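Chemist: what's the 3D shape of this:
(2 chains)
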Amino acid sequence: ETGVTQTPRHLVMGMTNKKSLKCEQHLGHNAMYWYKQSAKKPLELMFVYNFKEQTENNSVPSRFSPECPNSSHLFLHLHTLQPEDSALYLCASSQEFGTGGKVDYGYTFGSGTRLTVV
Amino acid sequence: KQEVTQIPAALSVPEGENLVLNCSFTDSAIYNLQWFRQDPGKGLTSLLLIQSSQREQTSGRLNASLDKSSGRSTLYIAASQPGDSATYLCAVRPFSGGYNKLIFGAGTRLAVHP
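Modeler: Numbering: from 1, shown residues only, chains lettered A, B, ... in the order given. Predicted structure coming up:
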């Protein structure tokens, strides 16, 4: 497989459930991201991981818990979600060269997980 | 705070027309600007990436320009086809606020009818 793969494609969960979203990139990139896309709103950055270390948490509620065990895999653990958390969750990766991001070949996104909280 | 605006929000055109989609950003201190395409309910597909030192990039029927000093980019689509129907997003990578994050516009929803 190539690119960025997200599973599952669709997920319906109750507010008391615990589930996880998975993202895998086959591009050899060293940075990975979670974005949230709600209806009629711009994409919102949730978390950034550089070299497996979390470098950004964009004021995301604690019911979303990211995990990056290695530079190729990224998870988003979900628990006690609210109906307003229903959205398309997108994973992305990029290759970062040192600080400042002066050399950048852009971001590659996965196909997303459509999450519905009931 | 960097903000990205895309105009128009929606566009409906007959097949064969040449189109211009606009993107503006408030802070010219960016590393690059990237145009994406998103089909309904799907992820983002990268179309073109323009580095801050570049003026334009081309891929097939697509041409994107960047005027960093005025905070504007345009995506030109030549001879539009029904398969071009999608939402087009532009995103900038700013110097400030964390060196590797993208700031997105809300998108232009394009419909090309036969």
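Chemist: What residues does chain A have near chain B?
Modeler: Selection of chain A residues close to chain B by C-beta under 8 Å from any C-beta of the partner chain yields A:4, A:6, A:31, A:33, A:40-43, A:45, A:48, A:50, A:55-56, A:88, A:90, A:92, A:94, A:96, A:99-102, A:104-112, A:114. Placement of C-beta: from N, CA and C, glycine included.
Chemist: among those residues, which are in strands?
Modeler: Judged by DSSP state E, the subset of the residues of chain A next to chain B located in strands is A:4, A:6, A:31, A:33, A:45, A:48, A:50, A:55-56, A:88, A:90, A:92, A:94, A:108-109, A:114.
Chemist: So which of those residues wins on neighbours?
Modeler: Ranked by the number of neighbours (other C-beta atoms under 10 Å in any protein chain shown), those place A:Ala92 first, at 27 neighbours.
Chemist: which residues sit in contact with that residue?
Modeler: Shown in contact with A:Ala92 (C-beta atoms under 8 Å, 6 or more residues apart in numbering or on different chains): A:Val4, A:Met32, A:Tyr33, A:Tyr35, A:Tyr107, A:Thr108, A:Phe109, A:Gly110, B:Leu44.
Chemist: What ranges does chain B have for its strands?
Modeler: B:4-7, B:10-14, B:19-25, B:30-38, B:44-51, B:56-59, B:62-67, B:72-77, B:86-94, B:103-104, B:108-113.
Chemist: So the fifth one, near chain A or not?
Modeler: I take that to be strand B:44-51. Yes. With C-beta under 8 Å from any C-beta as the criterion, chain A is reached by strand B:44-51 at B:Leu44, B:Thr45, B:Ser46, B:Leu49, B:Gln51.
Chemist: Fine by me, thanks again.
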